[in-house]
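J.: Give me a 3D structure for the following:
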Amino acid sequence: MAGLSADAMSSAAGLGALAALGALVGVSLRRATAAALLLIAALGIGLGANAARADRECMARERLPFKCRVVYEPPPLLAPMRDRAGRAIDHYFGEDAGLVRALLIADTHDLDPVVRDRYADAGIVHMLSISGLHVAIVSGAMLLLLQAARLPPATARWAGLSLVLLYVVLIGAPPPAVRSAVMIGAQVVSLAVQRNTSPWAALAWGGGIPLLYQPRTAVDLGWQLSVSGFAALIAGRAVAERLLPPRLEGWRKKIGTELVVSVVASFATAPLVAWHFGRVSMVAPFANLAAGPVIALLQPTLFLGLALAWWPSAAALVAAASFPMVRAFDLVAAAGAALPWATLHAAPSLLTAVALGVACVAVLAACVSHFWARPTLVALAALGTAAFAPAPSGDQVEVHMIDVGQGDAIAVRTPRGRWILFDAGRGDEKRDAGRRTVVPYLRARGGALALFALSHADADHAGGALSVITAMRPSGYLDPAFPDASTPYVRSLAGARKLGTRWQRARAGEVIDVDGVRLRVLAPDSAWTAAQDDPNRASVVIRLEYRGATMLFTGDADAVEERWLLEHAQGLLRADVLKVGHHGSATSSSEAFLDVVRPRAALVSVAARNFYGHPNPAVMRRLLAAGASVLRTDQLGTIVATTTGDGWTMAAGGVRWRLP
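T.: The predicted model follows:
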């Protein structure tokens, strides 16, 4: 499987496991169904190379330091219709437009990652993008209206199916909606010809058809959640029929069944959510139970508002009526995410993710099969594999200089898999590096943020801080407390205070230990900070120490602060790797300073063709003359340095080497 991206491999493995379900529950599947599932798996495996290539092209085009998340784009013929629907949503739904776009037309481009994370914490992230659930709700509402209009049942079903197909086309035919429409069509046809149809067969064809016109759909999270969620729905209802006491009737039976289905669905989708979002929600069954009635009312209301876009006053009235339901839906997510122990952070390896996927499929098979012993043994074996899978090395420290353009964002991963983040990149009206780059980068690798350290308050370092703090909720916040604070810095402090993050002032001489990684604060002290009128000269300077390996972080410290360091901390400045001050500006990296630090590698965070002319050629020559290998993000993208305490290994531009 050379050339496959991790997402493609895990998706192909998941599809293969879905095909294996046919063998495990053969009593419920026809041969055609099993063949269809195997076809889906083959397509999923066959698209791996294309998925990996698309990832590389996306990274090069968008200058992203992490693997691109698949975002569905409609076929060219349908894109204009989807765009018109999007403009109508923006016009009538105002500040809720981002959420409504996700719910109605599967457009998550403008959805704030903080919102997405909140729904992931609550376990209802699958409701954020249009799926089979949403289409089924709209279909049910249409059928109810058509029957209320006194149409014959058969005519109402065909008319409802036609309207559903029209809706799916108008929103650009997103794969989960196509899957649901195909399944609704199979049900209508089976009723028309009076033939029973296995729900597994309908799922196989509904899930497989989108792959025929866009194979890359198999690595789309929405498609994966849609297919696994419907499989869990079938299995959950089957096991509820067997487990719930016969005396339960009416609304009690309905709630009991929905709770069982929600538990099964949460278990079935947990590996996907852990892989894509780095967490597992512990409150998902209850959040889904609470959100279900809200979305059942909200979805047809939103659809009605979109359908009436040609009648402005009516569309505006429906949009206003939907506002309380949107707030209630968001309240469920916020309440679920705020509960203690609502979320467990996870960083599954590929082996663990695949093992958990097999376990989920086996559990679904046990739910629907009368002969549950064999799939249960498979599930236990898969869970054992996941539990005892080799863990990543626990004695390695990683330093990631994330390419955020003209700014700084350096993430240190501790041996326990937690993060220390130095700065969060630029943030302004056009681009928030914290939200767009830093948070996705950390989320993709998993692990909690233990400490956020801000070198100083300039916008190219503090601009993305609020987004990072809100999304990652660090335990601590460290900064120099410079009195002339910037707006992004003040906002980040307010956000940290609201979340209860512990703030502390950087004090020269202090040593902070995070999972065995020692952060020695060399500057500034309070007296020096109070005397400065330039925040660069009060930058926090920290020496990272891990066993025998060292790295020096300098923020935007200039030559004036460097002289202060030479006077007060000269014996602690020696470091293997130097984060070059002020993006390689001529104001920093003086010859006297470099003579003491004597770095073997110098890392420069800088944007290509930036307005400031960074880095300065004279500074680059001084670094080379000092014997340092110079690595720049404008030339190499994100740079990663790793150590086990006995030297550094560098990785950049697709090349990996060990520092001499």
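J.: how near is the residue nearest to residue 646 when sequence neighbours are not counted to residue 518?
T.: Nearest residue to residue 646, sequence neighbours excluded (C-beta to C-beta, 6 or more residues apart in numbering): residue 548, at 5.7 Å. In short, each C-beta sits where N, CA and C put it, glycine included. Distance from residue 548 to residue 518, counting by C-beta to C-beta, to the nearest Å: 12 Å.
J.: neighbour-wise, which of these two wins?
T.: residue 518 (15 against 11; other C-beta atoms under 10 Å).
J.: who touches the more buried one in this structure?
T.: 511, 512, 544, 545, 546 (C-beta atoms under 8 Å, 6 or more residues apart in numbering).
J.: Helix, strand, or coil at the fourth one?
T.: Three-state assignment for residue 545 (DSSP: H, G, I helix; E, B strand; the rest coil): strand.
J.: which residues sit in contact with it?
T.: Residue 545 touches 517, 518, 519, 520, counting by C-beta under 8 Å, 6+ apart.
J.: is it true that the last one lies in a strand?
T.: Yes - the secondary structure assignment for residue 520 places it in a strand, going by three-state DSSP.
J.: quick one, what contacts residue 143?
T.: Counted by C-beta under 8 Å, 6+ apart, residue 143 has contacts 156, 157, 160.
J.: And those, which is closest to residue 647?
T.: Of all those, residue 160 has the smallest distance to residue 647: 67.4 Å, by C-beta to C-beta.
J.: Buried residues, whichever strand or helix holds residue 493. List them.
T.: For residue 493, the enclosing helix or strand under DSSP states H and E is helix 487-499. Neighbour-count burial for helix 487-499 flags 488, 489, 491, 492, 493, 495, 496 (criterion: 16 or more other C-beta atoms under 10 Å).
J.: And stretch 370-381, by the same measure?
T.: 372, 375, 378, 379.
J.: per-residue confidence for the first one?
T.: Translated: residue 372. Residue 372 is assigned a predicted lDDT (pLDDT) of 82.
J.: And the helix or strand that contains residue 327, what does it pack against?
T.: Taking DSSP H and E as the definition, one finds residue 327 inside helix 312-338. The contact analysis (3 or more C-beta pairs under 8 Å, 6 or more residues apart in numbering; DSSP states H and E) places helix 312-338 against helix 79-93, helix 97-105, helix 113-122, helix 284-307.
J.: out of those, nearest to residue 646?
T.: Nearest to residue 646, of the helices and strands packed on helix 312-338 and by C-beta to C-beta, is helix 113-122 at 37.3 Å.
J.: so for that closest one, what's the average pLDDT?
T.: So the average pLDDT for helix 113-122 ends up being 78.
J.: low-confidence ranges in the stretch 501-650 of the chain?
T.: Nowhere does the stretch 501-650 of the chain drop to pLDDT under 70.
J.: for it, what spans make up the helices?
T.: In the stretch 501-650 of the chain, the helices defined using DSSP state H, counting those that start in this stretch lie at 526-530, 559-568, 591-597, 617-625, 633-636.
J.: As JSON lines, those with mean neighbour count and distance to residue 439 would be great.
T.: As requested, the helices of the stretch 501-650 of the chain are arranged in JSON lines below (neighbours: other C-beta atoms under 10 Å; distance: least, C-beta to C-beta, whole Å):
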{"stretch": "helix 526-530", "mean neighbour count": "15", "distance to residue 439": "29"}
{"stretch": "helix 559-568", "mean neighbour count": "18", "distance to residue 439": "30"}
{"stretch": "helix 591-597", "mean neighbour count": "17", "distance to residue 439": "31"}
{"stretch": "helix 617-625", "mean neighbour count": "15", "distance to residue 439": "31"}
{"stretch": "helix 633-636", "mean neighbour count": "20", "distance to residue 439": "18"}
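J.: Much appreciated, bye for now.
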